[in-house]
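Trainee: give me a model of this one.
(one chain, ligands or ions: 2)
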Amino acid sequence: MQYRNFIKIPQLNISALGLGMMRLPTLDGDAGRIDEDKAMALLRAALEAGVNYVDTAWPYHNQQSEGFTGRALKALGARDKVYLATKAPVWHIKEAADWEKYLDEQLKRLDTDHIDFYLVHALNAERWDTTKATGGLDILERAKAAGKIGHIGFSFHDSLPVFKDIIDGYAGWEFCQVQYNYLDEGYQAGTAGIEYAASKGVSGIIMEPLRGGALARVPKEVMDIFSSYGKPRMAAEWALRFVLDREETVTVLSGMASEGQLWENAAVASSAMMNSLTNKERAVIEAARDWFKTRMPVPCTTCGYCKPCPSGVAIPEAFELWNSLVAFGGKEEKASWYKSAYVSAGHGADACTRCGVCLPKCPQGIAIPDRLAEAHAALS
Ligand code: SF4
Ligand code: SF4
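Mentor: Ligands and ions are numbered 1, 2, ... in the order given. Predicted coordinates:
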């Protein structure tokens, strides 16, 4: 295994592959019922492969992940062999006292007296406001001084300007966790975001390197592009090599559902060093990216400059889902997510009043209201 260091925490050696406890094997496809035998075998294999970063969160597996993680680490006598990360469910936080309430409950669930890496979970503009309004960062600093948490960071889901605002808004960030892969260089924080964070001393933990598994199951046309390299490699390996090449990356969290996947990913994480991609390899990845991009119906880079929409439409999110649907399929899952996360909350494309406020702000010149109507039809 290859080990890397956080800019602000150089004394810790972190495995370049981390184990995400969000997509563990389950029973009967029920996310709330972890297949504990298989999940335990996965954790054991991860430890054998040299993985020492384990990442969970309050809501994973219908709130069963933290409890399982605590039990499994104890059963394997491995709590002190890993750096344990979990996240504050900021969407549940209404007042200052809630920060400690959730942290204490998480320590109990994880059956430990300290959490090595504690993240404010899935920050966006609204949750960042909540964090500040409830004095969350002061409370986390006190928890750090008391030894309940080791290092403070955040995970992120919003646009680049919000990301920069969060980075600039607190000098104590030690790390950030962002979605990043070869198809999403401009999505959310993106390349510009991880570079900006590193320039401020905030290292990156990468999530969704395989875009929820989609980049491990690419169409034949993309496999043909990869094959042109002349050396057999799985699609997942190309995607992992892309994120591990970045010097901002400390560890890559991949949801691995089997020991086989774990050993494959561990082998890549052992050999894919920073700045190691050759020009030829970069060209292959570019060609694969171009193949996907030309099949996406709207040229939205999800830059977020069109936000905020006065009617609350989640413009880049709707376009991203539509693009993803056309490129990768998965209609049922994406339509269901679109409905529950956006339409039900009044942020769907159907809330567009065609006021035109967003139009001059889009650097891609997208006819946003018209294209939103198409996106809504495709996702409904
Ligand atoms: S045209 Fe539609 S999407 Fe654009 S700002 Fe107006 S309501 Fe929002
Ligand atoms: S619609 Fe335009 S401005 Fe809005 S996120 Fe997409 S590319 Fe950026």
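
Trainee: I'd say residue 172 and residue 138 touch.
Mentor: No. Under the criterion of CB atoms under 8 Å, residue 172 makes no contact with residue 138, lying 9.9 Å away. Using the backbone N, CA and C atoms, a C-beta is placed for each residue, glycine as well.

Trainee: once you drop chain neighbours, what's closest to the residue in the stretch 151-300 of the chain that ligand 2 sits nearest to?
Mentor: When you check the stretch 151-300 of the chain against ligand 2 by CB to the nearest ligand atom, the closest residue turns out to be residue 300, at 3.3 Å. On the basis of CB to CB, 6 or more residues apart in numbering, the spatially nearest residue to residue 300 that is not a chain neighbour turns out to be residue 319, at 3.8 Å.

Trainee: do residue 18 as well
Mentor: Leaving aside its sequence neighbours, residue 18 sits nearest to residue 53 (CB to CB, 6+ apart; 3.7 Å).

Trainee: and the protein, which residues reach ligand 2?
Mentor: Applying CB under 6 Å from any ligand atom, we find that the chain lies next to ligand 2 at 300-306, 315-316, 319, 361-362, 364, 366, 368.

Trainee: switch the cut-off to 5 Å
Mentor: Counting by CB under 5 Å from any ligand atom, the positions of the chain adjacent to ligand 2 are 300, 301, 302, 303, 305, 306, 316, 362, 364, 366.

Trainee: looks to me like residue 121 is in a strand.
Mentor: Yes. Assigned with DSSP: H, G, I helix; E, B strand; the rest coil, residue 121 falls within a strand.

Trainee: quick revisit: next, the contact list for the residue nearest to residue 300, please.
Mentor: Contact partners of residue 319, counting by CB atoms under 8 Å, 6 or more residues apart in numbering, are 298, 300, 302, 366, 371, 372, 375.

Trainee: burial count for the fifth one?
Mentor: Translated: residue 371. The number of residues packed around residue 371, counting by other CB atoms under 10 Å, is 20.

Trainee: can you redo the residues of the chain next to ligand 2 as JSON lines with pLDDT?
Mentor: Converted to JSON lines, the residues of the chain next to ligand 2 look like this (pLDDT from 0 to 100):
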{"residue": "300", "pLDDT": "83"}
{"residue": "301", "pLDDT": "74"}
{"residue": "302", "pLDDT": "75"}
{"residue": "303", "pLDDT": "73"}
{"residue": "305", "pLDDT": "80"}
{"residue": "306", "pLDDT": "89"}
{"residue": "316", "pLDDT": "89"}
{"residue": "362", "pLDDT": "85"}
{"residue": "364", "pLDDT": "79"}
{"residue": "366", "pLDDT": "90"}
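
Trainee: of these, buried ones?
Mentor: 300, 301, 302, 303, 305, 306, 316, 362, 366 (16 or more other CB atoms under 10 Å).

Trainee: burial of residue 6, as a residue count?
Mentor: Neighbours of residue 6 under the rule other CB under 10 Å: 21.

Trainee: show me the contacts for the nearest residue to it once chain neighbours are set aside.
Mentor: In space, not counting the residues next to it along the chain, residue 6 is nearest to residue 203; the distance is 4.2 Å by CB to CB, 6+ apart. Neighbour list for residue 203: 5, 6, 7, 8, 9, 174, 175, 176, 197, 248, 250 [criterion: CB under 8 Å, 6+ apart].

Trainee: strands of the stretch 101-250 of the chain, residue ranges please.
Mentor: Along the stretch 101-250 of the chain, the stretches classed as strands by DSSP state E, counting those that start in this stretch are 115-123, 149-156, 175-179, 203-207, 249-254.

Trainee: what about the closest residue to ligand 1 within the stretch 201-350 of the chain, how many residues nearby?
Mentor: Ligand 1 sits closest to residue 309 of the stretch 201-350 of the chain, with a gap of 3.1 Å, by CB to the nearest ligand atom. Other residues within reach of residue 309 by the criterion other CB under 10 Å amount to 19.

Trainee: pretty sure it is touching residue 358, no?
Mentor: Yes. Under the criterion of CB under 8 Å, residue 309 lies in contact with residue 358, with a separation of 5.9 Å.

Trainee: I figured residue 153 hits residue 121, correct?
Mentor: No. At 10.3 Å, residue 153 and residue 121 do not qualify as touching, with contact defined as CB under 8 Å.

Trainee: need the contact list for the residue nearest to residue 240 when sequence neighbours are not counted.
Mentor: Nearest residue to residue 240, sequence neighbours excluded (CB to CB, 6+ apart): residue 268, at 4.6 Å. By CB under 8 Å, 6+ apart, the contact set of residue 268 is 17, 236, 237, 240, 241, 244.

Trainee: can you rerun that using 10 Å?
Mentor: With contact taken as CB atoms under 10 Å, 6 or more residues apart in numbering, residue 268 is in contact with 2, 16-17, 233-234, 236-241, 244, 252, 254.

Trainee: now residue 241
Mentor: The contact partners of residue 241, taken as CB under 10 Å, 6+ apart, are 182, 209, 233, 268, 269, 271, 272, 273, 276, 277, 281, 285.
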